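Undergrad: Sharing a model prediction with you, sequence too.
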Amino acid sequence: MGRYGLRVVALGYLTLILIAPLAMMVWRTAEDLDGAWAAITAPDTIAAFELTLKVTTVAVVVNTVFGIICALLIVRGNVPGRGFLNAFVDLPLSLSPVIVGLALITLYGANGWLGWFQRHGHDIVFATPSIVLATIFVTLPFVVREVVPTLREIGTEQEQAAHTLGASGWQAFWRITLPSIRWAVVYGVVLTAARAIGEYGAVALVSGNIAGETQTATLRVEDAYQFSYGNYAPAYGIAFVLAATAILVLVAMLVLQPKGARH
Amino acid sequence: MSIAALRITKSFDDFVALDDVSVDVAKGSLTALLGPSGSGKSTLLRIVAGLESADAGSVVIDGVDVTGRPPQDRGVGFVFQHYAAFKHMTVYDNVAFGLKIRKRPKAEIADRVHRLLKLVQLEGLAKRYPSQLSGGQRQRMGLARALAIDPAVLLLDEPFGALDARVRAELREWLRRLHDETHTTTVIVTHDQEEAMDVADQVAVMSNGRIEQVGSPRAVYEEPANEFVMTFVGQAHRLGDTFVRPHDLEVTLEPNGATREVMIERVVHLGFDVRVELVDGTGDRLSVQTTRDQAELLELAPSQIVYVRPTRHTTFT
Amino acid sequence: MTTFLLVVVVLPIAAVVWKSTGNGWSGFWEVVSSPQAVAALKLSVISATLAVLTTAVFGTIIAWVLVRDSFAGKSLVNAIIDLPFALPTIVAGLVIMALYGPRTPLDVTIGSFHFDADITFTRTAIYVALLFVTLPFVVRTVQPVLIELDRELEDAARSLGASGFTTFRRIVLPAILPGVLSGVAMAFARAIGEIGAIVLIAGNLPFKTEAASIHLFYRIEQDPEGAAAVAVVLLAISFGVLLGIGAVRWHVTRHERG
């Protein structure tokens, strides 16, 4: 197959699977802009966007701190079990979101091992806390996986130089280590946010899906679809907002790559 | 400031990097730790700096026992082979780093940094980033950075190893002139024997975690303590149980007393020097270093049979 | 930190495994061997396998074209590859439905010949959804390998008389195979557990288009122990496949280890 042939096959496949469907969705949204806009600005939708935003922020903050600490341990730590650490961090990537949801319900449900909270009125399952937990779980790996190779590549020489110049351990960390991994962290944060916004399966299970209260943006999309009675514009409209966010994420990824964030 | 490393021992798992090593560095001198890779010279330097800790022994800098102190408390300046430049900072910020840590006033920092940049001939590049500099420039920045904190002692770990030959030679000369101006006690680690001879007041030859000999470059070359030093510092041929330097072999056209018969394989003209490659009756190869004039005088040519005799030789008991 | 991670990651899994034993061995087996569960598991495994194999082939071709070819808009195409990764899965499902759903514009009727691209409520829907979702995995694992690949190796082969295809088969393919296998492993793990992309388009008809993830979802309410049992089987299958791929990868790279 010549070069031209391969190109046609590749682009053809991409068109069939990716580009054409995407274009179609945009088209359908544009067809009924009023319907789409009404759905986007409905109070339940706004509430859903707000919830997604809150949950995403928490997940990003937690996993950034955790991710940096974890990466430092994996690359530079002298603790036994580093290899396990590395493997466990990757685990959420291969788990089905439904199983994640099931696990959380099993653990934190009224009859679960950690069911104390649920039984005493501090609802975790079928309430926001479980959404946060589920999102934190599924976005666990991203910052770690981006920072680890960068840390490996940089090595410890710069910190050593800093020490010879008088910097304490803490000073070297703030002035040398953190700045040198900043792009990897930012890239990891972008991926974390995208995943957090897009989480569906686990959240669908644990949240209870109560419109206006425990519905995230993704659940709202499904909701809009289920109750659309053939007119999919509302669902497409909300989906379009999420798709636009995803494209912003892609742009961010594109911009960050040359800064040495990804290999 | 003087440095004394006393009875330093260091192992990495099974590998003994340093075995009861002691060395003294005179105040204001430039000492080279010379040896092949694996000889322990870098390890010793890093132990002096506090970047590694010895299993046994102590380090004394200017009369103060600094064993156990972290690098930031030793007052040493360190220059790394691969520069260890702070990539996310400008040249200015790199050089100013140590001063900022010490919370010096801004005006003082600016003054010092600019003077140092002038000293290392990097003025005008203050706002650049290390990635925009050549290797030689990065290393000069590294030197300026280390000097900025007015270190008691300056330690350089194969500082020119990552640079190409010409830049290496230039920086070598430049380092010597810098030392003549500042008189900071300096220790340089190198595997390049020519570099050590060129730059240092005192050479400590190391091999396999031990110090083989300490002395001036001339002493180490002309009065080597053992076979290793003789063969590592400069070239040497083994003739029986004695060692001869190529330039201490005299070539004659007739046998003359203690000469040996050899055949010329190649006459290599290296500018002013001529290297004559010879093979003797038993198939052993030798080379003689002589001058162009001498070679012409004797009309040396390949396949010629000549006779060689050492004018100077050394035997180790 | 290891204990922290152990608690956060291992504990939930342990809880699920524990739950699955709630009804004892017989209960476990009863659920797992029930016709509906078996059908769901079978569907998930087969769809995932087919989709991943397709992605492996086309993903490699796409990676090749992105690395070796150049055409207007290539960087744009390169950027979109990550879209399925960045897009919420439920949106992915809707996107596919826009073109391949009830109101698809691809609808032709010529005489008695009728074709429309509406694949809702069919197994093909699951297949296509999985293709969408797994696209980036193989492309992104093969690309770096291709970029690193020394062109001189191929030139050497050519100069020794190998044809284009032979060069590909004997020089390029072995080099990119580990990358392909990594991508395949990640894609499979993703595909077998996928829910968001298929929940709308597949229709979730039991025995027909109900994937294991959907089956799990609906089972949880009435029968948490049973759901846990199915989950454990799903985990075991994923684990087994990943181990298998890992073993193949290890075997394929055996010459590169010292």
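TA: Sure, I can see it.
Undergrad: what helix or strand does C:M186 sit in?
TA: Element membership for C:M186 (DSSP states H and E) is helix C:173-193.
Undergrad: helices or strands up against that helix?
TA: helix A:82-94, helix A:97-108, helix C:35-68, helix C:123-148, helix C:224-252 (3 or more C-beta pairs under 8 Å, 6 or more residues apart in numbering or on different chains; DSSP states H and E). For every residue, glycine as well, the C-beta is placed using N, CA and C.
Undergrad: Surely C:A15 touches A:G115?
TA: No - the pair C:A15 and A:G115 does not pass the contact test of C-beta atoms under 8 Å, sitting 10.5 Å apart.
Undergrad: residues shared between the contacts of these two?
TA: A:L107 (C-beta atoms under 8 Å, 6 or more residues apart in numbering or on different chains).
Undergrad: Look at those two and report which has more neighbours.
TA: C:A15 (22 against 16; other C-beta atoms under 10 Å in any protein chain shown).
Undergrad: show me the residues around the more buried one that make contact.
TA: C:A15 neighbours (C-beta under 8 Å, 6+ apart): A:103, A:106-107, A:112-113.
Undergrad: In PyMOL, how would I select the buried members of those residues?
TA: Only the buried entries of the contacts of C:A15 go into this PyMOL selection, using 16 or more other C-beta atoms under 10 Å in any protein chain shown:
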select buried, chain A and resi 103+106+107+112
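Undergrad: Nearest to chain C among the contacts of C:A15?
TA: A:A103 (3.4 Å; C-beta to the nearest C-beta).
Undergrad: Just give the nearest non-adjacent residue to the closest one, would you?
TA: Leaving aside its sequence neighbours, A:A103 sits nearest to C:P12 (C-beta to C-beta, 6 or more residues apart in numbering or on different chains; 3.4 Å).
Undergrad: Tally up the residues packed near the one you found, please.
TA: 29.
Undergrad: what's the answer for B:S131, then?
TA: B:S131: 9 neighbours (other C-beta under 10 Å).
Undergrad: Please apply the same query to B:D192.
TA: Neighbour tally, B:D192, other C-beta under 10 Å: 16.
Undergrad: need the contact list for it.
TA: B:160, B:168.
Undergrad: What ranges in chain A fall below the confidence cut-off?
TA: Scanning chain A with the threshold set as pLDDT under 70 gives A:1, A:259-263.
Undergrad: Would you map out the domains in it?
TA: A:1-31, A:34-259 (automatic domain parsing).
Undergrad: which of those sits most buried?
TA: domain A:34-259 (a mean of 20; mean count of other C-beta atoms under 10 Å in any protein chain shown).
Undergrad: Now B:I3: closest residue in space, sequence neighbours ignored.
TA: B:V25 (4.1 Å).
Undergrad: Surely B:I264 forms part of a strand?
TA: Yes - using DSSP: H, G, I helix; E, B strand; the rest coil, the secondary structure at B:I264 is a strand.
Undergrad: Now for it, how many residues are close by?
TA: 18.
Undergrad: Could you give the backbone dihedrals for the spatially closest residue to it that is not a sequence neighbour?
TA: Of all residues not flanking B:I264 in the chain, B:Q304 sits nearest, at 4.7 Å (C-beta to C-beta, 6+ apart). When read as degrees, to the nearest 10, the backbone of B:Q304 gives phi -80, psi 140.
Undergrad: how far does stretch C:68-83 sit from the chain's center?
TA: 22 Å (C-alpha atoms, centre = their mean, to the nearest Å).
Undergrad: ditto for stretch B:70-81
TA: Per C-alpha atoms, centre = their mean, the centroid offset for stretch B:70-81 relative to its chain is 19 Å.
Undergrad: Tell me the buried residues in that stretch?
TA: Per 16+ other C-beta under 10 Å, stretch B:70-81 contains these buried residues: B:71-72, B:74-81.
Undergrad: Those in strands, which ones?
TA: With DSSP state E as the criterion, strands contain B:76-79 from among the buried residues of stretch B:70-81.
Undergrad: out of those residues, which one sits closest to B:H183?
TA: Ranked by distance to B:H183 (C-beta to C-beta), those are led by B:G77 at 13.9 Å.
Undergrad: Excluding its own residues, what touches stretch B:229-244? List them.
TA: B:34-36, B:193, B:197, B:203, B:205, B:207, B:212-213, B:220-221, B:224, B:227, B:245-246, B:249, B:260, B:286-287, B:310, B:312-316.
Undergrad: Now do the helices in chain B.
TA: B:41-49, B:91-101, B:106-119, B:135-148, B:165-182, B:193-199, B:217-222, B:227-232, B:292-298 (DSSP state H).
Undergrad: and the helices and strands packed on helix C:173-193, which is most packed in?
TA: helix A:97-108 (a mean of 28).
Undergrad: Can you lay out the helices and strands packed on helix C:173-193 as JSON lines showing distance to A:M24?
TA: Putting those into JSON lines (distance: least, C-beta to C-beta, whole Å) gives the following:
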{"stretch": "helix A:82-94", "distance to A:M24": "30"}
{"stretch": "helix A:97-108", "distance to A:M24": "26"}
{"stretch": "helix C:35-68", "distance to A:M24": "20"}
{"stretch": "helix C:123-148", "distance to A:M24": "13"}
{"stretch": "helix C:224-252", "distance to A:M24": "32"}
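Undergrad: Out of the ones in strands among the buried residues of stretch B:70-81, name the two that are farthest from one another.
TA: B:V76 and B:V79 (10.4 Å).
Undergrad: what sits in contact with each of these two?
TA: B:154-155.
Undergrad: and the gap between the residue of the stretch 101-250 of chain B found nearest chain C and B:M89?
TA: Closest contact between the stretch 101-250 of chain B and chain C, by C-beta to the nearest C-beta, is at B:S131 (20.9 Å). Relative to B:M89, B:S131 is positioned 11 Å away (C-beta to C-beta, to the nearest Å).
Undergrad: next one: C:S70
TA: When C:S70 is compared with B:M89 (using C-beta to C-beta), they lie 37 Å apart.
Undergrad: Which residue of those two possesses the greater neighbour count?
TA: A side-by-side neighbour count of C:S70 and B:M89, using other C-beta under 10 Å, places B:M89 first with 19 against 11.
Undergrad: Spatially nearest residue to the more buried one (excluding sequence neighbours)?
TA: Using C-beta to C-beta, 6+ apart, the closest residue to B:M89 is B:F97 (7.2 Å).
Undergrad: sorry, back to before: what is the mean pLDDT for the one helix or strand the residue nearest to A:A103 maps to?
TA: Here C:P12 is covered by helix C:11-20, with elements defined by DSSP H and E. For helix C:11-20, mean pLDDT rounds to 80.
Undergrad: swap in stretch B:294-309?
TA: pLDDT averaged over stretch B:294-309 gives 88.
Undergrad: Can you get me a residue count around B:R275?
TA: B:R275: 16 neighbours (other C-beta under 10 Å).
Undergrad: hey, what's it bridged with?
TA: When bridges are called by DSSP bridges, B:R275 pairs up with B:V268, B:Q289.
Undergrad: quick revisit: farthest-apart pair in the buried residues of stretch B:70-81, please.
TA: So, the buried residues of stretch B:70-81 by C-beta to C-beta: farthest apart are B:G75 and B:Q81, at 21.7 Å.
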